[in-house]
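Trainee: Mind looking at a prediction? Sequence and model below.
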Amino acid sequence: MDVTTCAMCSSPISRGDQFCPRCGAKISLIEAPGTAAAGATPGSPPAGSSRGKSIAERLADLSSEPKNELAALALTGLGGALALISFFLPWANDIGLAIGTMGSQPQAGAWAFDTPAGWPLFLITLLLMAGVVAGDKAQELMPVLAPTIRRLTEVVAPLALGSGLLGVALMYVTLPWGHGVGPTVLAVGACLLIAGSMTALFFPSAPKADDRP
């Protein structure tokens with residue numbers, strides 16, 4: 001079996017491994033500086049890099065990822081997208097009542113940005129989802145912290161965001177005077193975010209960083 005060493009911790013790894021069995025760093029992100037894959041030409045992107053690849057090649061790389069990792073990614077991505085979309089949908093009911101709008105009556109079916117919590121919630125959601133999306137790039141820039149970054153972006157951030165948004169959505173869906181469609185979509189997105197984080201937590205695609213052979 002073709003064996004090499006991890007550029008981060010010097011542990012032996014096989015060419016087919018996607019993660020180092022000792023430090024947990026992603027193999028495609030830790031290729032030692034100055035080394036190139038067989039057949040590579042000087043100046044070409046390193047193995048595992050998305051630079052210079054077509055969309056079809058990137059999709060092929062994505063399809064080769066473990067199924068549990070793809071499931072977590074899909075759940076988190078869809079949940080985040082629905083959460084962001086929900087802010088542009090009606091939150092107030094047919095007579096313009098919503099949480100925090102008693103003093104400043106909005107129009108019937110007003111969207112989230114007409115409520116006091118609309119903009120803060122939208123910005124928090126946008127920032128956390130941007131952090132989740134930038135997780136792979138952060139692992140590439142800081143491979144030593146790759147296991148920690150992966151845990152933060154795949155488990156902690158989606159779980160914290162989903163739990164907070166679900167709490168807000170539940171306040172709306174339990175209102176006695178009704179609500180718009182926005183909180184319902186937000187609740188669905190929040191549940192998907194939580195499901196994605198639980199998938200990444202209980203079905204990890206790599207050994208924990210503190211595991212030792």
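Mentor: Sure thing, it's come through. Numbers count the residues shown, from 1 in each chain.

Trainee: quick one: the helices in the protein?
Mentor: In the chain, the helices defined using DSSP state H lie at 55-63, 67-86, 118-133, 135-141, 146-151, 157-173, 182-202.

Trainee: Would you reformat those helices as JSON lines and include mean neighbour count and mean pLDDT?
Mentor: Backbone N, C-alpha and C define where each C-beta goes, glycine included. Compiled in JSON lines, those are given as follows (neighbours: other CB atoms under 10 Å; pLDDT from 0 to 100):
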{"stretch": "helix 55-63", "mean neighbour count": "10", "mean pLDDT": "56"}
{"stretch": "helix 67-86", "mean neighbour count": "19", "mean pLDDT": "93"}
{"stretch": "helix 118-133", "mean neighbour count": "16", "mean pLDDT": "93"}
{"stretch": "helix 135-141", "mean neighbour count": "16", "mean pLDDT": "88"}
{"stretch": "helix 146-151", "mean neighbour count": "21", "mean pLDDT": "90"}
{"stretch": "helix 157-173", "mean neighbour count": "19", "mean pLDDT": "93"}
{"stretch": "helix 182-202", "mean neighbour count": "22", "mean pLDDT": "95"}
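
Trainee: Please report the distance of the residue lying closest to Leu201 once chain neighbours are set aside from Ala72.
Mentor: For Leu201, the nearest residue in space outside its immediate sequence neighbours is Val155; the separation is 4.9 Å by CB to CB, 6 or more residues apart in numbering. Per CB to CB, to the nearest Å, Val155 is found 9 Å from Ala72.

Trainee: Mutual contacts of the two, please.
Mentor: For the pair Val155 and Ala72, residues contacting each of them under the criterion CB atoms under 8 Å, 6 or more residues apart in numbering are 197, 200.

Trainee: returning to that earlier point: looking at the helices of the chain, spot the one closest to Thr4.
Mentor: Within the helices of the chain, the stretch nearest Thr4 is helix 146-151; the backing value is 17.6 Å (CB to CB).

Trainee: Pop the domain breakdown of this structure in here.
Mentor: Per the record's domain assignment (automatic domain parsing), the chain is made up of the domains 1-33, 67-202.

Trainee: looking only at pLDDT, what's the mean for the shortest one?
Mentor: The average of the pLDDT scores along domain 1-33 is 67.

Trainee: Nothing else from me, thank you.
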